[in-house]
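Undergrad: Give me coordinates for this.
(2 chains)
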Amino acid sequence: MTIPMYRAGQALAALLLFLAFCALPAAAAPAIHREAIPSGEAVTITYTIDGVEPFALGIVETVPEGWRFAETDSAVSTAPHVEVDRAAQKIAFFISNQGEVSYTLMGTGDGVEGFVTEWVDLCELSPNQKEGKERWHTLGEESSGRLASPADPQQGAPAQKTPGFGISATLFGCMMGACAIALRHKNGGDGA
Amino acid sequence: MNISRIGIVLLAALAMAILISPVTAASSLPLGAKEKLTGDLVGKSVCGYMLGTNDLTLDEISDAAYVYTVWGGEPKVVTDMVGRTVTLYRPPERIITDNPDNVRMMIALGAGHLLVGADKSTVDSGCICPITGDGQPVSQKCWDEVVPGGLHNLPVTGSGGPQWIPNYEQMVSLRSDLLLLPVSEEEKADDMQERVGVPVFVGGPEMTYESVAGHARAVGALLSREQEAEELIAFVDRKVRAVTEITDTIPESEKPLVYFAPRGASKGFYDPAMGRDATRTVNTYYPLTMAGGINVAKGCADGNVNVALEQLIAWNPDVILVACSTPDDADGVNFILEAPELQSIKAIQDGRVYNVIYPYCCGSPHDKNLLNVFYMAKILYPDKFADIDMEREGNEIMAAFLGVDGVYSEYADYLKFPRDQQI
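TA: Numbering: from 1, shown residues only, chains lettered A, B, ... in the order given. Below is the predicted model of the structure:
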């Protein structure tokens, strides 16, 4: 059987479109890249965010001993949303649709050794109302350098199984307790 | 105050807490903002949270960051598919739907993980994932993976169709933040919103091709998943074009006259209880039109049409298509082929009576209707569509809506007619 050329072209176009569709990320989960560039007695650390807008991240970096922040925040970073905790040797950023933020530290070294960078995707939705640090990631410890897809069965699965049950159970227990107190009194339970 | 009064006061306070808390959560912007969240407020809150210098929760600062980044800091206002205004103050993360069509669309747009409850038709019937007549999953993988934790384990929040009885207590107890209601239940929306205390969005498809895109865009806008909606629409358009590019070139005079029995024929000619009879049809069914058939009932005024046998004989269709949802339903084809009253009809004389996919399930399942575009095209024009691989197309379509591979293959194995029927 011979296939007309126009059919072959259509099939190829359809295949390419399908492959392009399949290649799209399951969700616009951002990935973070960190680069440290030493210069004399300072280092400039830059985070580059690879993500499809809209995205929002929180980043906190813990700086090891031997490094210090400049005395004014504006000398540390010009990022729009940044806060420095000098006592704890930490710096935090809120990133909203920005591709890059950076900050400068005083000290010597490669700007990598001993630094701990943690981040969280703030646009990831989860039915879990009592989240702790489950969604926090430590840079360099992620297997893929990318958040799991929101469609990942691991994400939010516990809340799906028993949504709101903890709260309901607690409140239900309290209500039952209150009922018991009231009924006990009505039935002469307090010694009458 | 004696102990009994303390108990009663405590009871009342706790009951109020249960009833009021979802309303409070759903009707205010995060971080106590009044009209708009500013970058300064969100930035300080997020940085403080990351540094551990404030007591905000991840849920609160995520909501704030989402509203600021995705919605521009303001409440999101959308219009549902019946023209009601729906205002969201926080991103919906605990969603309940009262019908399978909205569940399927949420899954297709990548938001299935936000479902915390659904109607019985979704959870216990085969409207999303196929199920056997005695309640066994046809595709275990579909039931397990289509939503996190498994579809069977979603709490049931209503009867679903055809009664559509909502369980308000269950909805409140699940602390949902958004309810999706089918268009057929529009009149319940405001009352439901008041009783449950969260926004209610009314939406769903009709039996038109345009409603696939309309439904996707409406739910996409609601969930801020516009891009996913456009990708789904592009996928569907691309799929059906493979058929319509050919059928659009066929002159109307050469297209076959088709009678479609969308409710099957397993109940014979008349089924007053459920209307699942061979003499019930529709005046428009887009898969049939796209597949190149001329619906003999297209001139009828109403959507659903009850047809007298004399009318069916007078129409004298070239082909009769009978919807089938279980292997037992497939006998409906034999019922029609053997019916003494219909022997004068051309379709019966030529033996052109076929099973097709059942197009309803408490709504209008887009995936199954799209399967029919391909399957009907292969029936009506076997030579022109001989190269269409139903297995591949079916699995791609169902995966696009359900996110699970291989569902069509298992569904076809169960139904049998896609395997056995000579077309």
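Undergrad: Disregarding flanking residues, what is the spatial nearest neighbour of residue A:64?
TA: Using C-beta to C-beta, 6 or more residues apart in numbering or on different chains and skipping residues adjacent in sequence, the residue nearest residue A:64 is residue A:114, 3.1 Å away. Yep, even glycine has a C-beta here, placed from its N, CA and C like the rest.
Undergrad: Surely residue B:122 is within a strand?
TA: No. Assessed with DSSP: H, G, I helix; E, B strand; the rest coil, residue B:122 is helix; it does not lie in a strand.
Undergrad: wait, what's in contact with whichever residue of chain A sits closest to chain B?
TA: The nearest approach of chain A to chain B comes at residue A:81, 2.9 Å away (C-beta to the nearest C-beta). Contact analysis of residue A:81 by C-beta atoms under 8 Å, 6 or more residues apart in numbering or on different chains lists A:93-96, B:39-40, B:42-44, B:46-47.
Undergrad: what's the distance between it and residue A:122?
TA: Remark: distance between residue A:81 and residue A:122 (C-beta to C-beta, to the nearest Å) = 12 Å.
Undergrad: any common contacting residues for these two?
TA: Common neighbours of residue A:81 and residue A:122 are listed as A:94, B:46 (criterion: C-beta under 8 Å, 6+ apart).
Undergrad: Would you map the helices across chain A?
TA: Ranges of helices in chain A, per DSSP state H, are A:5-23, A:73-76, A:157-161, A:165-186.
Undergrad: For chain A, which helix or strand comes out least confident on mean pLDDT?
TA: Taking mean pLDDT, DSSP states H and E as the measure, chain A has helix A:157-161 as its least confident helix or strand, at a mean of 29.
Undergrad: Does the nearest residue to residue A:139 once chain neighbours are set aside have any beta-bridge partners, and if so which?
TA: Spatial nearest neighbour of residue A:139, chain neighbours left out: residue A:117 (3.9 Å); criterion: C-beta to C-beta, 6+ apart. Beta-bridge partners recorded for residue A:117 (DSSP bridges): residue A:61.
Undergrad: picking that back up, weakest of the helices of chain A in terms of mean pLDDT?
TA: In terms of average pLDDT, helix A:157-161 trails the rest of the helices of chain A, at a mean of 29.
Undergrad: neighbours around residue B:347, how many?
TA: Per other C-beta atoms under 10 Å in any protein chain shown, the neighbour tally for residue B:347 reads 24.
Undergrad: quick one: contacts for it?
TA: Contacts for residue B:347 (C-beta under 8 Å, 6+ apart) come out as B:259, B:317-320, B:353.
Undergrad: Same question for residue B:202.
TA: Applying C-beta under 8 Å, 6+ apart to residue B:202 gives the contacts B:80-82, B:84, B:180-183, B:185-186, B:189.
Undergrad: Now residue A:106: closest residue in space that isn't a chain neighbour?
TA: residue A:68 (5.0 Å).
Undergrad: from memory that neighbour sits against residue A:108, does it?
TA: No. Residue A:68 is beyond contact range of residue A:108, at 11.3 Å (criterion: C-beta atoms under 8 Å).
Undergrad: show me what contacts residue B:223?
TA: B:92, B:106, B:109, B:111, B:114.
Undergrad: Residues touching stretch B:77-92, excluding its own?
TA: So stretch B:77-92 is in contact with A:125, B:25-30, B:63, B:66-67, B:70, B:75-76, B:114, B:177-178, B:183, B:186, B:189-190, B:199-204, B:214-215, B:218, B:221-224, going by C-beta under 8 Å, 6+ apart.
Undergrad: Give me the subset of these lying in strands.
TA: Mapping the contacts of stretch B:77-92 onto strands (DSSP state E) picks out B:76, B:178, B:200-202.
Undergrad: Out of those residues, flag the one nearest to residue B:255.
TA: residue B:202 (36.8 Å; C-beta to C-beta).
Undergrad: The closest one bridge partners, please.
TA: residue B:181.
Undergrad: do you know how far it is from residue B:107?
TA: Relative to residue B:107, and taking C-beta to C-beta, residue B:202 is found at 19 Å.
Undergrad: got CSV for the ones in strands among the contacts of stretch B:77-92, with pLDDT too?
TA: As requested, those are exported to CSV (pLDDT from 0 to 100):
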residue, pLDDT
B:76, 97
B:178, 97
B:200, 97
B:201, 98
B:202, 97
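Undergrad: tell me the two of those that are most distant?
TA: Maximum pairwise distance in these, criterion C-beta to C-beta, is 16.4 Å, between B:76 and B:202.
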